[in-house]
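*Asks:* no FASTA, just this:
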Ligand SMILES: Nc1ncnc2c1ncn2[C@@H]1O[C@H](COP(=O)(O)OP(=O)(O)OP(=O)(O)O)[C@@H](O)[C@H]1O
Ligand SMILES: C[C@@](O)(CCOP(=O)(O)OP(=O)(O)O)CC(=O)O
């Protein structure tokens with residue numbers, strides 16, 4: 001008997017122009033467009049296997065080996081139902097197609113990084129889910145069409161259907177049919193974009209993005225100004241910067257938008273704080289690093305951005321990452337040696353780090369070991385990848401291969 005299954009991995013994306021606010025909470029339609037860089041799945045990814053079988057009497061999902069309840073009418077159930085609807089269209093057009101849409105589906109997924117810790121696991125997770133079902137069901141849909149469904153799992157997930165530089169167009173249709181992701185440029189256009197993730201905390205966060213952003217929509221006057229007068233202009237400016245590989249403008253807009261996102265969080269009633277002292281010190285360090293570069297006649301060399309948590313993502317051209325790692329390590333001593341996937345340092349490693357010449361050491365204090373728990377060096381990456389049979393996460397009996 002045939003086994004109907006597919007395994008796909010999908011990437012994380014980190015926004016430069018932030019999505020924060022919904023105009024429709026069920027369909028997940030945003031109050032503004034957003035733009036992100038897709039990160040390399042060689043380092044951070046969700047991998048998902050989906051299998052359809054007439055012997056499965058219900059749809060089931062295991063995340064990192066632990067079963068998650070698929071709540072009826074919830075986000076996960078909606079994504080699965082939408083994918084089955086697309087499969088049904090295929091079956092109706094061609095009666096020789098097996099009726100997979102009528103079978104139960106078992107889904108097993110793993111993240112190779114902490115889940116729900118502000119590292120955008122919901123983005124890669126729902127992108128992997130939708131992509132694996134699309135492969136299982138042999139759907140003719142393109143990534144923008146699939147992004148319409150991933151969006152209903154978690155808004156930011158729609159941008160993980162593409163590699164490179166991706167915009168989520170807010171759209172205007174009430175049914176959400178034009179609120180989708182498009183590729184601004186593939187990673188090959190600007191492969192020199194690297195990212196250093198400073199993991200400040202890998203705990204579950206206090207205020208989820210979903211509830212936080214709705215409180216902001218309901219209470220923040222500043223958000224209305226942002227939606228109407230700030231984001232539309234920034235979307236244009238950053239897209240042009242990406243097309244022209246203009247890092248200086250990309251960095252300026254990215255940092256401004258991170259700052260404004262955290263300002264609207266603070267403008268929420270009651271206020272929401274996602275950054276902590278460590279986050280703010282990293283801002284001070286990047287700011288001083290950039291000040292020095294400009295004072296020496298150059299341009300901006302790094303851009304920080306923060307999502308709904310204290311972790312920093314620092315975007316920079318590859319040539320600057322070595323200096324940035326040395327700077328961060330000198331303020332935030334590491335318990336573990338820096339994993340150096342691009343071999344920037346020799347066998348001696350980063351050591352205690354060092355400051356670039358002329359850097360004002362007083363911009364931050366030295367923190368105790370563990371304040372920054374880890375550093376992940378990655379870069380712009382590709383979109384979802386279809387994997388081979390060897391990578392399957394479901395055993396022959398339809399239960400997960402690896403338990404929690
Ligand atoms: N691999 C996955 N497959 C399916 N769903 C996933 C997967 N990974 C995460 N999720 C879903 O996303 C939820 C975590 O999302 P949450 O928004 O809380 O954290 P995050 O995505 O890590 O942070 P943020 O979106 O703020 O950066 C999980 O509880 C689960 O429902
Ligand atoms: C700060 C952000 O990371 C917010 C992400 O919010 P989510 O996509 O996690 O929210 P839901 O749509 O409610 O699931 C900014 C961004 O990724 O654009």
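*Replies:* Perfect, thanks for sending it. Worth saying up front: this structure is predicted, and the values here are computed from it rather than measured. Ligands and ions are numbered 1, 2, ... in the order given.
*Asks:* Neighbours of the closest residue to ligand 1 within the stretch 51-200 of the chain, how many?
*Replies:* Of all residues in the stretch 51-200 of the chain, the one sitting closest to ligand 1 is residue 125 (2.3 Å; CB to the nearest ligand atom). The way it works is simple: take the backbone N, C-alpha and C, and place the C-beta from them, glycine included. Neighbouring residues of residue 125 were enumerated by other CB atoms under 10 Å; the total is 26.
*Asks:* Please, which helix or strand holds it?
*Replies:* Using DSSP states H and E, residue 125 falls within helix 121-136.
*Asks:* For the helix or strand following that helix, which helices and strands make contact with it?
*Replies:* Next in sequence after helix 121-136, counting helices and strands by DSSP H and E, comes helix 143-150. If you count contacts as 3 or more CB pairs under 8 Å, 6 or more residues apart in numbering; DSSP states H and E, helix 143-150 packs onto helix 75-93, helix 121-136, strand 181-185.
*Asks:* hmm, try it at 10 Å
*Replies:* Packed against helix 143-150 by the contact rule (3 or more CB pairs under 10 Å, 6 or more residues apart in numbering; DSSP states H and E) you find helix 75-93, helix 121-136, strand 165-168, strand 181-185.
*Asks:* Is the helix holding residue 125 in proximity to ligand 2?
*Replies:* Yes. Interface with ligand 2: helix 121-136 contributes residue 122 (CB under 6 Å from any ligand atom).
*Asks:* Return the residues in contact with the closest residue to ligand 2 within the stretch 301-404 of the chain.
*Replies:* Residue of the stretch 301-404 of the chain nearest ligand 2, by CB to the nearest ligand atom: residue 307 (3.7 Å). Residue 307 is in contact with 14-15, 18-20, 118-120, 123, 156, 205, 209, 258, 261-262, 274, 313, counting by CB atoms under 10 Å, 6 or more residues apart in numbering.
*Asks:* Can you tell me how far it is from residue 185?
*Replies:* Residue 307 sits at a distance of 22 Å from residue 185 (criterion: CB to CB, to the nearest Å).
*Asks:* so where is the stretch 1-150 of the chain shaky, pLDDT-wise?
*Replies:* Flagging of the stretch 1-150 of the chain using pLDDT under 70 yields the residue ranges 116-117.
*Asks:* Next to ligand 1, which bits of it? Give me the list.
*Replies:* Residues of the stretch 1-150 of the chain lying near ligand 1 by CB under 6 Å from any ligand atom: 46, 63, 109, 111, 115-123, 125-126, 128-129.
*Asks:* re the thing from before, the residue of the stretch 301-404 of the chain closest to ligand 2: which element?
*Replies:* Using DSSP H and E, residue 307 is not contained in any helix or strand.
*Asks:* Equivalent analysis for residue 314, please.
*Replies:* For residue 314, the element it lies in under DSSP H and E is strand 312-317.
*Asks:* and that strand, which residues are buried?
*Replies:* For strand 312-317, burial by neighbour count (16 or more other CB atoms under 10 Å) applies to 312-316.
*Asks:* Against which helices or strands is that strand packed?
*Replies:* strand 13-17, strand 193-199, helix 247-266, helix 277-295, strand 303-305, helix 318-331, strand 374-379.
*Asks:* Just the endpoints, please. Distance across stretch 312-323?
*Replies:* Start and end residues of stretch 312-323 are separated by 16 Å (CA to CA, to the nearest Å).
*Asks:* can that stretch be found next to ligand 1?
*Replies:* No. Residues of stretch 312-323 contacting ligand 1 under CB under 6 Å from any ligand atom: none, with a closest distance of 10.3 Å.
*Asks:* what does the average pLDDT come to for that stretch?
*Replies:* Mean per-residue pLDDT for stretch 312-323: 98.
*Asks:* still on that earlier bit, name the element the spatially closest residue to the residue of the stretch 51-200 of the chain closest to ligand 1 that is not a sequence neighbour belongs to?
*Replies:* Distance criterion CB to CB, 6 or more residues apart in numbering; nearest residue to residue 125, sequence neighbours excluded, is residue 46 at 4.7 Å. Assigned by DSSP H and E, residue 46 falls within strand 45-53.
*Asks:* Who are the packing partners of that strand?
*Replies:* Packing partners of strand 45-53 (3+ CB pairs under 10 Å, 6+ apart): strand 4-11, strand 60-63, helix 75-93, strand 104-111, helix 121-136, strand 385-387.
*Asks:* Deepest-packed of these, please.
*Replies:* Ranked by mean neighbour count, the helices and strands packed on strand 45-53 are led by helix 121-136 with a mean of 28 (mean count of other CB atoms under 10 Å).
*Asks:* orientation of it relative to strand 13-17 in degrees?
*Replies:* If you take axes from the mean of the first three to the mean of the last three CA atoms, to 10 degrees, helix 121-136 sits at 120 degrees to strand 13-17.
*Asks:* can you give me how far helix 121-136 is from the chain middle?
*Replies:* Distance, stretch centre to chain centre, for helix 121-136: 13 Å (CA atoms, centre = their mean, to the nearest Å).
*Asks:* just stretch 23-34 next, same as before
*Replies:* Stretch 23-34 sits 17 Å away from the centroid of its parent chain (CA atoms, centre = their mean).
*Asks:* And for stretch 319-334?
*Replies:* Centre-to-centre, stretch 319-334 and its host chain are 23 Å apart (CA atoms, centre = their mean).
*Asks:* Quick check: residues of the stretch 1-150 of the chain near ligand 2?
*Replies:* Residues of the stretch 1-150 of the chain lying close to ligand 2 by CB under 6 Å from any ligand atom are 15, 18-20, 28, 34, 122.
*Asks:* Using a markdown table, lay out those together with distance to residue 333.
*Replies:* As requested, these are exported to a markdown table (distance: CB to CB, whole Å):
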| residue | distance to residue 333 |
| --- | --- |
| 15 | 30 |
| 18 | 31 |
| 19 | 34 |
| 20 | 33 |
| 28 | 41 |
| 34 | 35 |
| 122 | 31 |
